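Student: using only what follows, build the 3D model:
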Amino acid sequence: MTIDIAFKTPDALVFATDGLATVMEVDARGQERFLSNMANVEKLVPLSGGRLLAMFNGVGSIGGGTVATSLRAFDDQAPLRSGESVGEYAQRLHTAMEDQAMRRLGALPRPFHLILGGFAPPPEEGVDPPTLWSIQWSVDLSLPTAPTPVLHIEEEGGPPRHRFGVHYAGVTEAVARFVEGFDPALPERLAMLLAGTDEPDSPPGLLEQLAQEARRMGTRAEPLSNEESRQLARRYARRVLRAGFFSSAQEPLSEHFSLQAAVDYCVFLAQCAYARENLSPTRRGAPRVGSTLQVAYLVPGRPAHLLAGIRLGVRLQGMDGGLP
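Tutor: Just a heads-up that it's a prediction; the model follows:
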């Protein structure tokens, strides 16, 4: 899988993504088997003459060559229009990609996640902050696929309310641990521990066990049924998760945070993901996250600038140039 990292400041966007693609095979039992890796796959694409940046992870094609090929083909025919917002372009791109996928594949390939960013049409005075949009075709078919804003809130009849900082997608566990302070899968595991699951042969959650214990040991009263105990446990599990244990305060972006710092931070977070996925002593299976890191930034009034590729990982080498 890929790590996608975007950093938004009031006057710049930085994108970073790795170029490793892993080809897997799924057998009749649903088990995945590694087939091969492809290095340096293009996953970060400037569009509309460099006024927009797009990066993606998940499937490698939506039915017409690579995803990068499809993005350029759309943009060549329908680039960002004069006065058009990034969100409006994202909606047009989303519609075209869905039409292409349905026409050529008969269904939306999943999982697929695209992050698009750029600056709004210039206002009469000053420069509005950039906006980020997410287009995601999740394996969960119930989730909507329409473009959604990232790090800003669209308000009807008013200007968007912006937030600044990092957004990440793909292989996110190590990045979330560093940025948010906890494993993103932890709330789900805690909810299952507290409330149990819907599997008929699974043990009851801790809160349901507590309710049953209180029923046996408490004063005589109308007893709770098993279903009532289960519903009570789930209600209190939701309260625990909403209590704020797994939400970090949104600290304002430092006034001293520079474009160079944003680039360095994105590269550092990608290295965190690389280390977590490939260098853990308990790691099993094919490499995940790797090849050359693709990095680009976008500032107002200038086309997107692609930086030299950065190789993730460290090679042992002695002072004489040979391996130690």
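Student: beta partners for Asn57?
Tutor: Applying DSSP bridges to Asn57 gives these bridge partners: His113.
Student: distance check, it against Thr131.
Tutor: From Asn57 across to Thr131, the span is 20 Å (C-beta to C-beta, to the nearest Å). All C-beta spots, glycine's among them, are computed from the backbone N, C-alpha and C.
Student: do His256 as well
Tutor: 23 Å.
Student: pLDDT value on the most centrally placed residue in the chain, please?
Tutor: Computing the C-alpha centroid of the chain and ranking residues by C-alpha atoms, centre = their mean puts Ala169 first, at 1.6 Å. Ala169 is assigned a predicted lDDT (pLDDT) of 94.
Student: would you map the helices across the stretch 101-250 of the chain?
Tutor: Along the stretch 101-250 of the chain, counting by DSSP state H, counting those that start in this stretch, helices occupy 173-179, 186-195, 206-217, 226-242.
Student: domains of this structure?
Tutor: With domains defined by automatic domain parsing, the chain comprises 3-181+252-311, 187-242.
Student: winner for burial among those domains?
Tutor: Greatest average neighbour count among those goes to domain 3-181+252-311 (a mean of 17), per mean count of other C-beta atoms under 10 Å.
Student: can you get me the start-to-end distance on that one?
Tutor: End-to-end distance for domain 3-181+252-311, by C-alpha to C-alpha, to the nearest Å: 14 Å.
Student: picking that back up, rank the domains of the chain by pLDDT, which is bottom?
Tutor: Minimum mean pLDDT among the domains of the chain: domain 187-242, a mean of 72.
Student: determine how far it lies from the middle of the whole chain.
Tutor: From the chain centre to the centre of domain 187-242 is a distance of 32 Å (C-alpha atoms, centre = their mean, to the nearest Å).
Student: might one say that Pro287 is in contact with Glu277?
Tutor: Yes: if you go by C-beta atoms under 8 Å, Pro287 and Glu277 touch, sitting 7.4 Å apart.
Student: you'd agree Glu251 is in a strand?
Tutor: No: read with DSSP: H, G, I helix; E, B strand; the rest coil, Glu251 is coil and lies in no strand.
Student: nearest residue to Ala101 other than its sequence neighbours?
Tutor: Ile62 (4.5 Å; C-beta to C-beta, 6 or more residues apart in numbering).
Student: list the contacts for that neighbour?
Tutor: 70, 97, 100-101, 104-105, 109, 112 (C-beta atoms under 8 Å, 6 or more residues apart in numbering).
Student: Asp18 touches Leu293, doesn't it?
Tutor: Yes: taking C-beta under 8 Å as the definition, Asp18 is a contact partner of Leu293 at 5.4 Å.
Student: return every residue with contacts to both of the two.
Tutor: Common neighbours of Asp18 and Leu293 (criterion: C-beta under 8 Å, 6+ apart): 270, 312.
Student: which one is Thr148 nearest to, not counting chain neighbours?
Tutor: Ser134 (5.1 Å).
Student: follow-up on the earlier one: the residue nearest to the centre of the chain and His152, how far apart?
Tutor: On the measure of C-beta to C-beta, Ala169 and His152 end up 16 Å apart.
Student: Gly290 too?
Tutor: The gap separating Gly290 from His152 is 32 Å, by C-beta to C-beta.
Student: hang on, Pro203 packs against Leu193?
Tutor: No: counting by C-beta under 8 Å, Leu193 is not a contact partner of Pro203; they are 10.4 Å apart.
Student: on that earlier part again, now the helices of the stretch 101-250 of the chain as TSV including distance to Val45?
Tutor: Formatted as TSV, these follow (distance: least, C-beta to C-beta, whole Å):
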stretch	distance to Val45
helix 173-179	22
helix 186-195	33
helix 206-217	48
helix 226-242	37
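Student: and Ala262, which of these is closest to it?
Tutor: Ala262 sits nearest to helix 173-179 of all the helices of the stretch 101-250 of the chain, at 13.6 Å, using C-beta to C-beta.
Student: so which elements touch that closest one?
Tutor: Helix 173-179 sits against strand 165-170, helix 259-278, with contacts defined as 3 or more C-beta pairs under 8 Å, 6 or more residues apart in numbering; DSSP states H and E.
Student: need these in TSV with distance to Pro79, can you?
Tutor: Shown next, in TSV, are these (distance: least, C-beta to C-beta, whole Å):
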stretch	distance to Pro79
strand 165-170	24
helix 259-278	25
